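Undergrad: Got a predicted structure here, sequence first:
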Amino acid sequence: MTTITIRLGDWATLGQDASAIRFEVFVDEQKVPAEIELDAMDAVCLHAVAYDDQGRAIGTGRLLPDGHIGRMAVRKVGRGTGVGGQILQLLMSKAQERGDAFVVLNAQAAAAPFYARHGFVQQGEQFEEAGIAHVEMRLQF
């Protein structure tokens, strides 16, 4: 069993590891255009990066000031290990701690069942973002 350590911090602290994971998953694997992967919101988000017992960054996500959770990504080596759920739960608890009434995210349609298992409920119809089908999902605290 791999021990996972999740670090929370700002973009200056975790941006290098977070962006490496996001580029590998979103740009390389999913063909999201590189120029839309990083945005101005990174500077104001709380970032989470998960590290395996070798110190390798294997998963990431971010919490925006408005309660959105985004840029959830896990490298192939970490998928199916529960690391994505650990990152999600930590970001949810941080949102709740700061007084957010709910969290919301735009889930890739294929990942919607993952978020549903964590209590998120789909809002509205499917839409396309970066050429990938998404659904808005929300969890009320």
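TA: Received, thanks. Remember, it's a predicted structure, so these values are computed and weren't measured experimentally.

Undergrad: hey, let's count contacts and neighbours off CA atoms from now on
TA: Fine.

Undergrad: Looking only at stretch 73-85, what residues are buried by neighbour count?
TA: 73-75, 78, 83-85 (16 or more other C-alpha atoms under 10 Å).

Undergrad: residue boundaries of the strands in the protein?
TA: Secondary structure of the chain by DSSP state E: the strands cover 5-9, 46-51, 57-63, 69-74, 102-108, 121-129, 132-140.

Undergrad: How about residue 50: which residues does it bridge to?
TA: residue 6, residue 59 (DSSP bridges).

Undergrad: ignore the last one, residue 135
TA: Going by DSSP bridges, residue 135 forms beta bridges with residue 107.

Undergrad: Just give the number of residues close to it.
TA: Applying other C-alpha atoms under 10 Å, we find 22 residues neighbouring residue 135.

Undergrad: Residue 21: what's it in contact with?
TA: Taking C-alpha atoms under 8 Å, 6 or more residues apart in numbering, we find residue 21 in contact with 57-60, 73-75.

Undergrad: could the buried residues of stretch 73-85 go into CSV alongside distance to residue 131?
TA: Converted to CSV, these look like this (distance: C-alpha to C-alpha, whole Å):
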residue, distance to residue 131
73, 17
74, 20
75, 20
78, 25
83, 26
84, 23
85, 25
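
Undergrad: what is the orientation angle of the helix ranked longest in the chain with strand 102-108?
TA: The residue-count maximum for a helix in the chain (DSSP state H) belongs to helix 83-97. Using axes from the mean of the first three to the mean of the last three C-alpha atoms, to 10 degrees, the direction of helix 83-97 lies 150 degrees away from that of strand 102-108.

Undergrad: Can I get the strands of the chain in a markdown table including distance to residue 30 and mean pLDDT?
TA: Listed next are the strands of the chain as a markdown table, based on distance: least, C-alpha to C-alpha, whole Å; pLDDT from 0 to 100:
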| stretch | distance to residue 30 | mean pLDDT |
| --- | --- | --- |
| strand 5-9 | 24 | 98 |
| strand 46-51 | 20 | 98 |
| strand 57-63 | 16 | 98 |
| strand 69-74 | 11 | 97 |
| strand 102-108 | 11 | 97 |
| strand 121-129 | 12 | 95 |
| strand 132-140 | 8 | 97 |
